[in-house]
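Peer 1: Below are the sequence and a predicted model; questions follow.
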Amino acid sequence: MLAVILELWLRSRKIAQKKHEKPHSERIDKALGHFRTNKTKKITGEEWQKVAKTSPTATTHDLAHLIGLGILEKFGKEHSTHYKFKKHK
């Protein structure tokens, strides 16, 4: 019984810690700051890759992550794909 209570307590502590973690990395914060500071209207994957200094795969993951958080919106397809900051109402 004590082991079960201890396990539940440890799980609740782990969940509480995750709630206080940042939603994304410092690299993403710096890149977002760059684009916001320069009042960039459209962001391409290539531009993100240069500013964030990431691989194409990491760029795809970063942009998908930011879309999932509701920070960016995706427009276009394939080579004409670009991203814009989502307007919050």
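Peer 2: Thanks, I have it. Residues are numbered from 1 along each chain as shown.

Peer 1: Helices along this structure, start to end?
Peer 2: 2-19, 26-37, 45-52, 56-68 (DSSP state H).

Peer 1: Of those, which is nearest residue 75?
Peer 2: helix 56-68 (11.0 Å; C-beta to C-beta). In this view, the C-beta of every residue, glycine as well, is placed from N, C-alpha and C.

Peer 1: Tell me the helices and strands packed up against the closest one.
Peer 2: helix 26-37, helix 45-52, strand 72-75, strand 82-85 (3 or more C-beta pairs under 8 Å, 6 or more residues apart in numbering; DSSP states H and E).

Peer 1: any chance of the ones you listed in a markdown table, plus distance to residue 12, mean pLDDT and mean neighbour count?
Peer 2: Below are the helices and strands packed on helix 56-68 laid out as a markdown table (distance: least, C-beta to C-beta, whole Å; pLDDT from 0 to 100; neighbours: other C-beta atoms under 10 Å):
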| stretch | distance to residue 12 | mean pLDDT | mean neighbour count |
| --- | --- | --- | --- |
| helix 26-37 | 28 | 90 | 15 |
| helix 45-52 | 35 | 94 | 18 |
| strand 72-75 | 33 | 94 | 15 |
| strand 82-85 | 36 | 93 | 17 |
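
Peer 1: These: which one's closest to residue 59?
Peer 2: helix 45-52 (4.5 Å).

Peer 1: Bridged to residue 84, which residues?
Peer 2: Beta bridges link residue 84 to residue 73, judged by DSSP bridges.

Peer 1: Am I right that it is in contact with residue 76?
Peer 2: No. Judged on C-beta atoms under 8 Å, residue 84 makes no contact with residue 76 at a distance of 10.5 Å.
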